[in-house]
Every structure is written in C-alpha cells, then in structure tokens.
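> Provided below for reference: sequence and predicted model.
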2 protein chains.
Amino acid sequence: MSLTNRQFRLAERPVGLPKESGWNRTEEPVQQPEDGQFLVKVEYISLDPAMRGWMNEGKSYIPPVGIGEVMRALAVGKVVASKHPKFNEGDAVTGAFGVQEYAISNGEGVNRVDASLAPLPIYIGTLGMPGMTAYFGLLEVGEPKEGDTVVVSGAAGAVGTIVGQIAKIKGCRVVGIAGGKEKCDLLVNEFGFDAAIDYKADDVYKGLREHCPKGIDVYFDNVGGDILDAALANLAMGARVVICGAISQYNTTGEVKGPKNYMSLLVNRASMKGMVVMDYTKNFGKAAVEMAGWLSAGKMKSREHVVEGFDQFHDALLMLFRGENTGKLVLKVS
Amino acid sequence: MSLTNRQFRLAERPVGLPKESGWNRTEEPVQQPEDGQFLVKVEYISLDPAMRGWMNEGKSYIPPVGIGEVMRALAVGKVVASKHPKFNEGDAVTGAFGVQEYAISNGEGVNRVDASLAPLPIYIGTLGMPGMTAYFGLLEVGEPKEGDTVVVSGAAGAVGTIVGQIAKIKGCRVVGIAGGKEKCDLLVNEFGFDAAIDYKADDVYKGLREHCPKGIDVYFDNVGGDILDAALANLAMGARVVICGAISQYNTTGEVKGPKNYMSLLVNRASMKGMVVMDYTKNFGKAAVEMAGWLSAGKMKSREHVVEGFDQFHDALLMLFRGENTGKLVLKVS
C-alpha cells in the first residue's frame, strides 16, 4: 500500500478573504496506524464559517491552526485500517480529520455513525456540528416559547435552516433573513418559514417591522453587522439575542462593526448571549436522537450543498463568505 | 399666597450636548392643591444622565418629555399644602416633580421619606433611583458571586460608587474606571475599591488586564463607547455585562459607537443584558432598608455633589456629561 495523502496546509494567516496562495498543498504517503490508532479515508469535508476564525492568530474559543499545519475541518469518512480496539475497518466515523484525504486518529473526538440510516453528509450537517449548534443555541440560549417570534439570519445556511425548523416545531412564528429571492422562496416553501427577508433586495429593518409586528422575541444571529443592528432595533420586551456567528465581519480588514443599536437591550430589558456548541457535547447524543426523529417523521428537512473534488476546497470555502451555498456546504473528496 | 413657581421647560430637542437656548424658562403663580392633591416645595432636584435620553424623540423605556413641558426630573421636597388624605403638610417626599420650584401632585409615584434619618439628598441618591439602579443592576442582573472580579465604569458617579461598594460587601474584587486622579484616589481611599483606572490618563484595556488578571466576571457599564470595548476584551468565561447606561454616547451627533468587541460574548460564553430600574419598584422598599442598614453600619458611604441655586440647572446638568461630579449630583433649589 503506497497511497498518497493530499492535504491543504495553512501557509499564512489571511488578511481579509482567504487567498489561494495562503494554502500550501502537500502530498505525503498515507501513514499506517500504530497500536491504538486507525486510518480514516475521508469522504466528505465540512465547510464552516467558523473555519475562518480558526485561521486567525490570537485567543478564541479554540487555539488557531498553526502555520504549516493541515487545515482543521470536521469530516466524515470510513475506517480503512485499524489497530484500535473500538474502531473497525468499515466503520463510518466523524471527527476533526482536517482538509486531507486520509487521517490517522486515536479515536479522541471521533464518533461512529450509521451509514445505513442517513447519507454520510448529514452527519456533518443536520446531525453534526451545525445541527447541534442550531439545537442548543436556539433551545438552551434562545429559550423560545410557543407563540414567540423567532428571527434567524444566515437563514438558508446549515445552521439557519435548522434553527428555523426547530422553532417551527416548537410552535413559534419564524422569519428568516437570507440573500436572494431563490433562498427566500426556499425558506418559505421548502422549510416552512412564515416569512423570509431578502437582505440583498429589501430593507431588513422595514422587513422585520412588517413581519414581526409584535417585535422579535428570539433573534439567532449568524451574521453580525447591519443585519444584527436591524434586529436589535426590532426587539420585543425581554428578547433573547443568541450570538452564534458574525460571518459578515470575518473577512473585514478594518474594524469589526459593533452593533450600534445595542442600547435596545436596555430599552427592551433584553439579553445578548454568546454560545459555542462544544459546551454541549455531553448532550449531543440525546439531541441527535431527537433530530433524527424529526427527520424521519418528515418534520424536518436536511439539505446539503455538495461540491465535488478535493481540489475545490479553496473555492468551496469562499462560497460560504459569498453566500453561495444553500443548506450545509460539504466537499466531496473523490 | 401669590408665590411664583419658576420652571425649566424643554424648548427644543437637543442635537448633541444640550444648549442653554434649548430651555424655555417660565414663571407662573404657584397653584393651590385641589381635592386629592398636594403642593410640594422642591428642595433638591436630581440630575441624572438618563435625563438626556428623555429629551430625545422616539421609542424608549419611557415617553420623551414633550416640547413645552416642564423638564422631567426626580426631586425631593416638603409638602407645603395638602388636600390629599395620605400626605400632610410638612411631609418630606420624593417624586418626579420636574425642574421647577413647586409641584402639584396626586400622590402617584410619590414616596414619603424620613428627613430625620438622613439628609434629604440621600433620598434621591443612594436611597433613591441611582442607589436602586446600582442595587438591582448589580445583584439581579450582574449576579456577582463571592470572589468574583467586578468592574464598574462611571465609577465615581452616583450609581458607580454604590455598585462598587455593594460588590465589596458581597466579597468581590472591585475595580472602578473613572476620569482623573482625584476620582480614582477617592474610589480606592474613600469607597474601598481594590483598584481604579483613570481613563483620561491610562490605557483602559491594559489597566483592566493588570487589575483583573483572571478576567472580569461582572462588568457594570454606565458609559459605553471605547471603555465598554476594553471591558469586553477582558471578560472571564461566563461573564455578565450589565448595560445600565452609555453616557459617552448620549450627546453624539454621529452614529452611536457599537461595541466592536461584542464577539467576546461568544468566545467567553458571556451575556450582555440591559436593565431599567423601574422594573424593580416592587422591591425598592426592601432594598432601601438593606442599603440604609449598610449606611448606618458604616459599610457604605453616600456622597452627594450639591450645586446651589435653581438657576444653575443647565450648567449643573452639563457637569454630568463633562464628568465633573463625584457621587450623586443634585441641584439645591434655594
């Protein structure tokens, strides 16, 4: 066995939008597992907005990817060789395998998944990190009550589509904010949102006033910037703002745009709270079971946006920041 | 009885810092109370940063003062004539009597206070709205635990001095941010703060790093702007940010400066929550008893900054925005 493992390694810390030249593409022989290890052939690599943050220097909720290291990425694949007591050849597994075709693992942070129950990409989407982010961010931090008005930005993305659908299951009125008529139509017609606002065509502030006449009870923010400000200006009394991400600000080369309407938190006795999905790992299993139940009962739909070809990694990553994906963006390795 | 009642009425909505020409100074005969009313001779008028907000058009936690109306202000005075069953001549009372020398009241929102227990200004300071703001904002919203590091901005003001002292009583490490060496010395030497940062002379971010080596557990914000950003950049895991005011932004003629470091809420799983003291009126009595106990036991000090003369209202109000007061700023009417 003399297979080659292709990799994308971080060559430099990007300023603004990542550049193709910021990656060092390497090839090395596929390693064989030692005792307590197994070898994974990666099938789908998860492309997530959070990856942009991992490329920056400095303190965050997770250490940055080091220069020269294989880019960190969640992925799903199959065990092709094992000297690990708990993982066997043929097992489908998810983990932070990185942007490479093969990964050696000792099993830490790796979960076995059932390839017969659902297509593999779902395990890095609706039943993976984005789904867990939506589930715990909305339910534990947003605390929606039946009848609440829930607004989510980045609504057509991996997290947003799930946030909206869980909120509907919980009996809320749901308004999504997304870019483009196609995405907005999909939110309403496919995912059951009550309304959608096209931030590229419409005034978000006015759209929220129109579609949330009683104000926003829960605002789930994936984007930051002007859209966060428009939401803050439309809060209901006692509103909860969940800070999950700020994709509009990740590639800024100037200062991050702070929410100038934050004093709405005072006027409306509202709270704004940050969340990191890794804090909820203990309960992932329970949530996955519940979400899988919703999926199989047809109460929730999972949508994956698959880009084919390992070589496409860089261009596919940029799709996130250009808002070109609908649903969970994944890279199919081969 | 043909006394004259002098008044400051709002003549125009200020743009930026209020101007003297924005007031309409009027004189009218003092009215006599009708059945169910009483007449108050105002002795001390409370000057509060919140007054600036009340002068603006638009939705807030309280309707704006109307053009032509007597400027809204809390005050303390004595009942000089009464046809009200519950208020008698000679009673000392607090209420929103406005910026005028005499006020007619039906008793709504008016509380009788004991002039023999404490000087009258304390009832619009430490035992009044600012004291209640500090008490409920810190204890109910900030939820400090023993050993926590509590930081308060506007620390030498009416609310800030009390926040710091209550936090000390609760066993916290307390750092104040204030303008000028004199105020900072006072915070440490007179009010028992563990440290103070002079935002006019020092780098607040670095000061917070130095004085809060484990990060900030509770940040009580009265000022907004760059200081809020410096605090956000120094939060401890699970921190609570209490949004009580934003005096640095009240007179801006441009856009309010939003906190660009708000994503620290995510990194640190922190929350930022607004508070309005009027939500806690039901429990004011209990809080006042506890605070009065701390005062009489010498655990808490109340400091009033008295400006003499009703005519000085405008200049005295501006002292707040210039940071020229230490402790509770009050206007002595005569």
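It's in.
> Quick check: residues of the stretch 1-150 of chain A near chain B?
Proximity of the stretch 1-150 of chain A to chain B, by CB under 8 Å from any CB of the partner chain, involves residues A:59-61. The way it works is simple: take the backbone N, C-alpha and C, and place the C-beta from them, glycine included.
> next one: the stretch 201-334 of chain A
A:224, A:229, A:243-246, A:249, A:255-276, A:279.
> Please list all residues in contact with A:Gln100.
A:Gln100 sits next to A:5-8, A:42, A:70 when contact means CB atoms under 8 Å, 6 or more residues apart in numbering or on different chains.
> Which one of those residues is nearest to A:Phe313?
A:Phe313 has its nearest neighbour among the contacts of A:Gln100 in A:Phe8, at 5.4 Å by CB to CB.
> hmm, back to that, show me which of the residues of the stretch 1-150 of chain A next to chain B are buried.
Neighbour-count burial (16 or more other CB atoms under 10 Å in any protein chain shown) is assigned, among those, to A:60-61.
> Tabulate the residues of the stretch 1-150 of chain A next to chain B in CSV, adding columns for secondary structure and pLDDT.
Below are the residues of the stretch 1-150 of chain A next to chain B laid out as CSV (DSSP: H, G, I helix; E, B strand; the rest coil; pLDDT from 0 to 100):
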residue, secondary structure, pLDDT
A:Lys59, coil, 80
A:Ser60, coil, 84
A:Tyr61, coil, 87
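> remind me which residues of chain A are low pLDDT?
A:1 (pLDDT under 70).
> same thing but 90
Residue ranges of chain A with pLDDT under 90: A:1-2, A:58-61, A:116-118, A:253-255, A:334.
> Ramachandran coordinates for the residue positioned nearest the centre of it?
The residue lying closest to the centre of chain A (CA atoms, centre = their mean) is A:Pro130, at 3.9 Å. Per-residue torsions, A:Pro130: phi -60, psi -40 (degrees, to the nearest 10).
> how about it, what does it touch?
Residues in contact with A:Pro130 (CB under 8 Å, 6+ apart) are A:46, A:48, A:124, A:157-159, A:162, A:328.
> Tell me the one of the residues you listed nearest chain B?
A:Val159 (13.3 Å; CB to the nearest CB).
> Among the residues of the stretch 201-334 of chain A next to chain B, which ones are in helices?
A:229, A:264-267 (DSSP state H).
> how about these, which pair is most distant?
A:Asp229 and A:Leu266, at 15.2 Å, using CB to CB across these.
> how near is the residue nearest to A:Leu235 when sequence neighbours are not counted to B:Lys59?
In space, and not counting its chain neighbours, A:Leu235 is closest to A:Asn268: 4.5 Å by CB to CB, 6 or more residues apart in numbering or on different chains. Distance, A:Asn268 to B:Lys59, using CB to CB, to the nearest Å: 10 Å.
> do A:Gly58 as well
A:Gly58 is 38 Å from B:Lys59, by CB to CB.
> So what pairs up with A:Asn5 in the strands?
With beta bridges defined as DSSP bridges, A:Asn5 has these partners: A:Glu28.
> returning to that earlier point: so what's the residue nearest to A:Leu235 up against?
A:215, A:235-239, B:274.
> Count the neighbours of the residue in the stretch 101-250 of chain A that chain B sits nearest to for me.
Closest to chain B within the stretch 101-250 of chain A is A:Ile243: 5.1 Å, counting by CB to the nearest CB. A:Ile243 has 27 neighbouring residues, counting by other CB atoms under 10 Å in any protein chain shown.
> do the same with A:Trp294
By other CB under 10 Å, the burial measure for A:Trp294, its neighbour count, is 17.
> Check A:Ala201 too.
Neighbours around A:Ala201, by other CB under 10 Å: 11.
> A:Arg322: neighbour count?
When neighbours are counted by other CB under 10 Å, A:Arg322 comes out with 10.
> The one 5 residues further on too?
Counted by other CB under 10 Å, the residues lying close to A:Gly327 total 25.
> same check, this time on A:Leu320
Residues lying near A:Leu320 (other CB under 10 Å) number 22.
> cool, and A:Glu108?
Neighbourhood size, A:Glu108 [other CB under 10 Å]: 7.
> Would you enumerate the residues in contact with it?
A:Glu108 touches nothing, counting by CB under 8 Å, 6+ apart.
> helix or strand for it, which one?
Using DSSP states H and E, A:Glu108 sits within no helix or strand.
> how close does it get to B:Val204?
In terms of CB to CB, A:Glu108 sits 41 Å off from B:Val204.
> just A:Val277 next, same as before
On the measure of CB to CB, A:Val277 and B:Val204 end up 32 Å apart.
> Isn't A:Glu27 up against A:Phe8?
No - A:Glu27 sits out of contact with A:Phe8 when judged by CB atoms under 8 Å, with a separation of 11.1 Å.
> Specify which residue of these two has the higher count of neighbours.
A:Phe8 (22 against 10).
> Which residue comes closest to that one once chain neighbours are left out?
A:Val99 (4.1 Å).
> does that neighbour really touch A:Ile45, like I thought?
Yes - using CB under 8 Å, A:Val99 is in contact with A:Ile45, at 5.9 Å.
> any common contacting residues for those two?
With CB under 8 Å, 6+ apart, A:Val99 and A:Ile45 have common neighbours A:73, A:313.
> Tell me how far stretch A:257-267 lies from the chain's centre.
25 Å (CA atoms, centre = their mean, to the nearest Å).
> Quick check: end-to-end length of it?
21 Å (CA to CA, to the nearest Å).
> Which positions within it qualify as buried?
So, applying 16+ other CB under 10 Å, buried residues of stretch A:257-267: A:257-267.
> which residues sit against it?
A:224-226, A:228-229, A:232-233, A:235, A:241, A:248-249, A:270-272, B:59-61, B:224, B:229, B:243-246, B:249, B:255-262, B:272-276.
> Sort out which one of the contacts of A:Gln100 lies nearest chain B for me.
Of these, the one sitting nearest to chain B (CB to the nearest CB) turns out to be A:Val70, at 23.7 Å.
> In the sheet, which residues pair with the closest one? Tell me.
So, taking DSSP bridges as the rule, A:Val70 has A:Arg9 as bridge partners.
> Just among the contacts of A:Pro130, which is most surrounded?
Ranked by neighbours (other CB under 10 Å), those are led by A:Ala158, which has 33 neighbours.
> thinking it is in contact with A:Leu320, fair?
No - with contacts counted by CB under 8 Å, A:Ala158 stays clear of A:Leu320, the gap being 9.3 Å.
> Need the residues touching each of the two.
Common neighbours of A:Ala158 and A:Leu320 (CB under 8 Å, 6+ apart) are A:48, A:329.
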